[in-house]
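Participant: Pasted the sequence and its predicted model underneath.
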Amino acid sequence: MESEGKITVAYWKIRGLFRHIQYVLEYCGADYDTKIYEAGGPPDYCRKVWFDNKFNLGLDFPNLPYLVDGDFKMTETVPIIFYIAEKYKPEILGETPQEKATIQMLMNIIHFEAKEPITWDFYLIEDRAKTLEGAIKAIEPIAKFLGDKDYFMGDKPMLPDLHIAELVHLVLAIDTEGEFAEKFPNIVALQKRVDNLPEIKAFLESDRCKDIPFHNLNAKQNP
Amino acid sequence: MESEGKIKLGYWKIRGLFRHIQYVLEYCGVEYDTKYYEAGSAPDYSGKDWFDEKFNLGLDFPNLPYLVDGDFKMTETVPIMFYIAEKYKPELIGETAKDKGTIKMLMNIIHGAKMNISKPCYSQDDKSVVMEAAEKSFEPISKFLGDKDFFMGDTMTSDDSSQKPTLPDLYITELITLVLAFDTEKKFAEKFPNIVSLQKRVHALPEIKAFFESDRCPDLPFFYPLAKLHP
């Protein structure tokens, strides 16, 4: 089977940001390879495997994740996600300027106001309750936006629905007393709805969905 | 003159993120109104003017800047810029998936640079920390630009080989102005002459030149008054 046209996405050997990208790759039916960089364990958590190669890959802004599509290379998680959608299933980005803008705004909020600060807490603090509190605060306006709709934009899944699903998995993994699930039943329902989409269901049952940690091993919390 | 159809933006009465958006509005020839929120008086600069209204404007994710276009409302600076470009001058955001991808990546990188350079101005008053962040951030950006006139060079056009500005060129210009305002020893300018040329080239665009000469470009501080460091 020729790999021409097959894109390569590279990341650490963790769910991290990569599982978010996989939801989009899989929903869009993209043919892809994965390049995995495996960080070391305690006590050094050595990342030499990446840093030895980082500046020799022809990336303009070297970072993980990166995407290679023939001659084309890029970094930056959310732009990568938009590229995949644009190329394989542009309808999930919206039709009118207002829809496109709302989707971009939601992606910004989910990624920079929720995913990023929540992830920092997992890496930097041991306090599970405080992390959960931060997650609840971040998700509150997002849950309000969703309301009683099936998906953020109405009755069809779009990019923000695919993006938030993995984040909900992460938060539920520390929601030991069900506080988050009780407060945001619509968000939990959305995550289940996305995971039940035929393409995602097939992915979750495949060997492309590996049982690996959420975070690198140096994280203070790694559920 | 009726203001129906005129879009409205809200921001603090500073240059901040808003001046970046104005470059896009002006280049796209958009008619817009601005609601400027006062920071208030020293020493608190409480921003009461904004906080009294913040949750009553029908915004899903209340923040500044915001944009209102008839029934449509949004926040988030970079999405706002993309909305304006999408609606008024879509060639600014690329035609092919690859060009769109590169432009989105550049916008992310430039926004990261903006945050890395501005944030230390609010938390501490050592200029060298800011200039170090600026050099670190601009190094790969300057390398990407190389000797092109604009970031996307001539990849954006099929029929003519002239180079045209795209959204990242318009976004980065105000950031260059901010850094140069701090660059009293001209070290940054010396290190990144192509970046300085880009700023001048954007400033020379007829739409931008006209904007500077208009009353829509008031003489305001870069930062909110609570910042510890101002150029």
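Facilitator: Looks like it arrived, so ask away.
Participant: now the strands: where do they sit in the chain?
Facilitator: Looking at chain A here, since you left the chain open. Taking DSSP state E as the test, the strands found in chain A are A:7-12, A:32-37, A:66-69, A:72-75.
Participant: you looked at the wrong chain, it should be chain B
Facilitator: Along chain B, the segments classed as strands by DSSP E run B:7-12, B:32-37, B:66-69, B:72-75.
Participant: Any idea which of those strands gets closest to A:Met74?
Facilitator: A:Met74 sits nearest to strand B:72-75 of all those, at 25.3 Å, using Cβ to Cβ. C-beta here means a position set from N, CA and C on the backbone, and glycine is covered the same way.
Participant: For that closest one, which strands pair with it and how are they oriented?
Facilitator: Strand B:72-75 pairs in its sheet with strand B:66-69 (antiparallel), by DSSP bridges.
Participant: Show the average pLDDT along the strand it pairs with.
Facilitator: Across strand B:66-69, pLDDT averages out at 98.
Participant: Quick check, pLDDT for B:Glu91.
Facilitator: For B:Glu91, the model assigns a pLDDT of 94.
Participant: Surely it touches B:Met152?
Facilitator: No: judged on Cβ atoms under 8 Å, B:Glu91 makes no contact with B:Met152 at a distance of 10.3 Å.
Participant: which of the two has more neighbours?
Facilitator: The neighbour count for B:Glu91 versus B:Met152, taken as other Cβ atoms under 10 Å in any protein chain shown, is higher for B:Met152 (22 against 14).
Participant: pretty sure that one is touching B:Ser162, no?
Facilitator: No: using Cβ under 8 Å, B:Met152 makes no contact with B:Ser162, being 11.9 Å away.
Participant: quick one on the thing from earlier: tell me which of the strands of chain B sits nearest to A:Ala135.
Facilitator: Between the strands of chain B, strand B:72-75 lies closest to A:Ala135; by Cβ to Cβ that is 20.9 Å.
Participant: who touches the closest one?
Facilitator: Outside strand B:72-75, the residues within contact range by Cβ atoms under 8 Å, 6 or more residues apart in numbering or on different chains are A:98, A:101-102, A:105, B:57-67, B:80, B:83.
Participant: The same query, at a cut-off of 7 Å, please.
Facilitator: A:98, A:101-102, A:105, B:58-59, B:61-63, B:66-67, B:80, B:83 (Cβ atoms under 7 Å, 6 or more residues apart in numbering or on different chains).
Participant: Chain B versus the residue lying closest to A:Ala135 once chain neighbours are set aside, what's the distance?
Facilitator: Once flanking residues are discounted, A:Ala135 sits nearest to A:Val171: 4.6 Å by Cβ to Cβ, 6 or more residues apart in numbering or on different chains. Using Cβ to the nearest Cβ, to the nearest Å, A:Val171 is found at 19 Å from chain B.
Participant: buried ones in the lengthiest helix in chain A?
Facilitator: Longest helix in chain A by number of residues (criterion: DSSP state H): helix A:128-146. With burial defined by 16 or more other Cβ atoms under 10 Å in any protein chain shown, the residues of helix A:128-146 counted as buried are A:128, A:131-132, A:134-136, A:138-139, A:141-143, A:145-146.
Participant: same check, this time on stretch B:111-124
Facilitator: B:His111, B:Ala113, B:Lys114, B:Ile117, B:Ser118, B:Pro120, B:Cys121.
Participant: Output those of these also counted as contacts of chain A.
Facilitator: Subset of the buried residues of stretch B:111-124 in contact with chain A: empty, counting by Cβ under 7 Å from any Cβ of the partner chain.
Participant: Looking at those, which are in helices?
Facilitator: Taking DSSP H as the definition of helices, the buried residues of stretch B:111-124 contribute B:His111, B:Ala113, B:Lys114, B:Ile117, B:Ser118, B:Pro120, B:Cys121.
Participant: rewinding a little: now the longest helix of chain A: mean pLDDT?
Facilitator: 97.
Participant: what helices or strands is that helix leaning on?
Facilitator: Under the contact criterion of 3 or more Cβ pairs under 7 Å, 6 or more residues apart in numbering or on different chains; DSSP states H and E, helix A:128-146 touches helix A:116-124, helix A:179-183, helix A:185-195.
Participant: Apply 8 Å and report the result again.
Facilitator: With contacts taken as 3 or more Cβ pairs under 8 Å, 6 or more residues apart in numbering or on different chains; DSSP states H and E, helix A:128-146 sits against helix A:116-124, helix A:159-172, helix A:179-183, helix A:185-195.
Participant: what number of residues lie near the closest residue to A:Lys100 other than its chain neighbours?
Facilitator: Of all residues not flanking A:Lys100 in the chain, A:Gly94 sits nearest, at 3.9 Å (Cβ to Cβ, 6+ apart). Neighbourhood size, A:Gly94 [other Cβ under 10 Å]: 18.
Participant: Cross-check the contact I'm expecting between A:Gly94 and A:Met153.
Facilitator: Yes: applying Cβ under 8 Å, one finds A:Gly94 in contact with A:Met153, separated by 7.3 Å.
Participant: Could you tell me which residues touch both of these two?
Facilitator: Residues touching both A:Gly94 and A:Met153 by Cβ under 8 Å, 6+ apart: A:Thr102, A:Ile103.
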